[in-house]
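Chemist: okay, here's the prediction I keep looking at, along with the sequence it came from:
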Amino acid sequence: ETGVTQSPTHLIKTRGQQVTLRCSSQSGHNTVSWYQQALGQGPQFIFQYYREEENGRGNFPPRFSGLQFPNYSSELNVNALELDDSALYLCASSVRTGRNTEAFFGQGTRLTVV
Amino acid sequence: GENVEQHPSTLSVQEGDSAVIKCTYSDSASNYFPWYKQELGKGPQLIIDIRSNVGEKKDQRIAVTLNKTAKHFSLHITETQPEDSAVYFCAPPPGGTSYGKLTFGQGTILTVHP
């Protein structure tokens, strides 16, 4: 177990709806990153939060947004859902120390858009 | 950004054989080279990583070698066991201050036959 928990584990939404996914970081970790993993592909970086501020973003439109809370937990929000948003969404927590360190992943949230 | 290519996409070996997966990256400033293992229904888990000041690192049956000049690094698994069957990803973040912003390869499906 990595100590990173995500909820819910599975979710079905209708095209055009909005969704919020949640992530609880491992204790002591101040950085959370979100990834989208389509079936049969590697995870793609969506964005990262460090000390409650967005700290880098991948090639995703603005309808993907997030938050990080003072306890370092995080949310991923997706507006105006599209069929192509169907994927496994992963969050990863890490400690920012001035160099790259291990990222600990949760088990993911499987989102299906119909 | 970082371009990452991973080969082969699938690898099938007999129990006890060795397996080698190669990852090529594009950013010459990259300085951190991790390998992740993802089992069905789980998030990726770090199995070994190496930094740019080291050419090789070994942890029991798993090793990683780095060739910075050629911009590639490889995962070596010796004495493979059925429980090594999984999808393996290299995920080097771009150089600079890109802490934790991993760029995943497309993955290698390793199957170890008993």
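Modeler: Right, received. Where do you want to start?
Chemist: from now on I want contacts and neighbour counts done on CA atoms only, so please keep to that.
Modeler: OK.
Chemist: which residues touch residue 30?
Modeler: You didn't pick a chain, so chain A it is. By C-alpha atoms under 8 Å, 6 or more residues apart in numbering or on different chains, A:Asn30 lies in contact with A:50-51, A:72, A:93-96.
Chemist: chain B is the one I meant
Modeler: For B:Ser30, the contacting residues are B:52, B:92-96, by C-alpha under 8 Å, 6+ apart.
Chemist: how about a cut-off of 10 Å?
Modeler: Applying C-alpha atoms under 10 Å, 6 or more residues apart in numbering or on different chains to B:Ser30 gives the contacts B:2, B:51-52, B:68, B:71, B:92-96, B:98.
Chemist: which parts of chain B sit against chain A?
Modeler: By C-alpha under 10 Å from any C-alpha of the partner chain, the part of chain B that sits against chain A consists of B:1, B:31-34, B:36, B:38, B:40-49, B:51, B:87-93, B:95-109.
Chemist: ChimeraX command to pick out the buried ones of those residues?
Modeler: Here is the ChimeraX command that selects only those of the residues of chain B next to chain A that count as buried (16 or more other C-alpha atoms under 10 Å in any protein chain shown):
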select /B:31,32,33,34,36,38,43,44,45,46,47,48,49,87,88,89,90,91,92,93,95,98,99,100,101,102,103,104,105,106,107,108,109
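Chemist: what helix or strand is the residue positioned nearest the centre of chain A on?
Modeler: In chain A, the residue lying closest to the centroid (C-alpha atoms, centre = their mean) is A:Trp34, at 3.0 Å. Applying DSSP states H and E as the criterion places A:Trp34 in strand A:31-37.
Chemist: is whichever helix or strand comes after that strand in proximity to chain B?
Modeler: Following strand A:31-37 in sequence order, the next helix or strand is strand A:44-50 (DSSP H and E). Yes. With C-alpha under 10 Å from any C-alpha as the criterion, chain B is reached by strand A:44-50 at A:44-48.
Chemist: could you pull out the strands for the chain?
Modeler: Just going to use chain A. A:5-7, A:10-13, A:19-24, A:31-37, A:44-50, A:53-57, A:64-68, A:74-78, A:87-94, A:104-105, A:109-113 (DSSP state E).
Chemist: actually chain B
Modeler: Using DSSP E, strands in chain B cover B:4-7, B:10-14, B:19-25, B:32-38, B:45-51, B:56-59, B:62-67, B:72-77, B:86-90, B:108-113.
Chemist: what residues of the second one count as buried?
Modeler: In this case it means strand B:10-14. In terms of neighbour count (16+ other C-alpha under 10 Å), strand B:10-14 has its buried residues at B:11, B:13.
Chemist: how far is it from where the chain is centred?
Modeler: 15 Å (C-alpha atoms, centre = their mean, to the nearest Å).
Chemist: and that strand with strand B:108-113, angle?
Modeler: Relative orientation of strand B:10-14 and strand B:108-113, computed by axes from the mean of the first three to the mean of the last three C-alpha atoms, to 10 degrees: 20 degrees.
Chemist: ok, residues contacting strand B:10-14?
Modeler: By C-alpha under 10 Å, 6+ apart, strand B:10-14 touches B:19-21, B:79-82, B:85, B:87-88, B:107-114.
Chemist: make it 8 Å
Modeler: B:19, B:80, B:108-114.
Chemist: now the two most distant members of the residues you listed.
Modeler: Farthest-apart pair in the contacts of strand B:10-14 is B:Thr108 and B:Pro114; separation 19.0 Å (C-alpha to C-alpha).
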